[in-house]
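Chemist: no FASTA, just this:
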């Protein structure tokens with residue numbers, strides 16, 4: 001499975017997402033940051049893009065001024081949609097946290113939800129193949145990326161081909 005991880009600039013629309021998918025037709029999954037899609041209209045456009053290009057899109061969108069996790073299948077269907085968990089430590093992660101697609105269990109944590117992930121993912125599913133954790137649009141730093149690459153080297157699990 002081939003995954004493209006994008007770090008676009010803020011925009012209205014999905015121009016950067018569309019460009020990446022169309023110029024990389026061999027990609028199975030595109031992971032775009034939290035907050036990339038700024039409206040439900042853009043979710044609809046992303047669904048059409050996913051279906052036309054047979055690509056899974058993992059990102060988030062804004063609804064009623066709050067971020068929502070979304071995974072769009074390669075057929076253009078929304079297979080996961082949920083609100084972002086509030087930051088208070090007492091709050092448990094909102095569900096669904098995972099979705100099974102093509103015999104692959106995909107987990108999804110938005111931004112600071114990673115701090116609750118160790119605690120709360122165990123209660124949901126212990127057989128997760130892939131955890132998506134996109135940071136917010138414009139939140140990229142080389143130092144953070146280097147640290148994540150080091151952590152990812154220890155956390156990689158095999159992912160079945162879709």
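Modeler: Great, that's in hand. Please read these numbers as outputs of a predicted model, since none were measured by experiment.

Chemist: can you get me a residue count around the residue lying closest to residue 6 once chain neighbours are set aside?
Modeler: Excluding the flanking residues, the one nearest residue 6 by CB to CB, 6 or more residues apart in numbering is residue 32, at 5.0 Å. Just so you know, the C-beta spots here come from the backbone N, C-alpha and C atoms, and that holds for glycine as well. By other CB atoms under 10 Å, 24 other residues sit near residue 32.

Chemist: with residue 73 instead?
Modeler: That count, for residue 73 with other CB under 10 Å as the rule, works out to 19.

Chemist: so it touches residue 50, yeah?
Modeler: Yes. Using CB atoms under 8 Å, residue 73 is in contact with residue 50, at 6.8 Å.

Chemist: joint contacts of these two?
Modeler: Both residue 73 and residue 50 are contacted by residue 56, under the criterion CB atoms under 8 Å, 6 or more residues apart in numbering.

Chemist: just for this protein, where's the confidence low?
Modeler: 125-126, 135-162 (pLDDT under 70).

Chemist: find the centremost residue of it, please.
Modeler: residue 58 (3.4 Å; CA atoms, centre = their mean).

Chemist: ranges for the strands of this protein?
Modeler: 3-5, 29-31, 56-63, 66-72, 78-83, 98-101, 104-108, 130-132 (DSSP state E).

Chemist: in CSV, list those strands along with distance to residue 18.
Modeler: Shown next, in CSV, are those (distance: least, CB to CB, whole Å):
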stretch, distance to residue 18
strand 3-5, 13
strand 29-31, 10
strand 56-63, 11
strand 66-72, 13
strand 78-83, 18
strand 98-101, 22
strand 104-108, 22
strand 130-132, 20
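
Chemist: between these, which one is nearest to residue 13?
Modeler: Nearest to residue 13, of all these, is strand 56-63, at 12.6 Å by CB to CB.

Chemist: how many residues are close by residue 5?
Modeler: Neighbour tally, residue 5, other CB under 10 Å: 14.

Chemist: can you tell me the closest non-neighbouring residue to it?
Modeler: Nearest one to residue 5, counting by CB to CB, 6+ apart, is residue 31 at 4.8 Å.

Chemist: bridging residues for the one you found?
Modeler: For residue 31, the beta-bridge partners under DSSP bridges are residue 5, residue 58.
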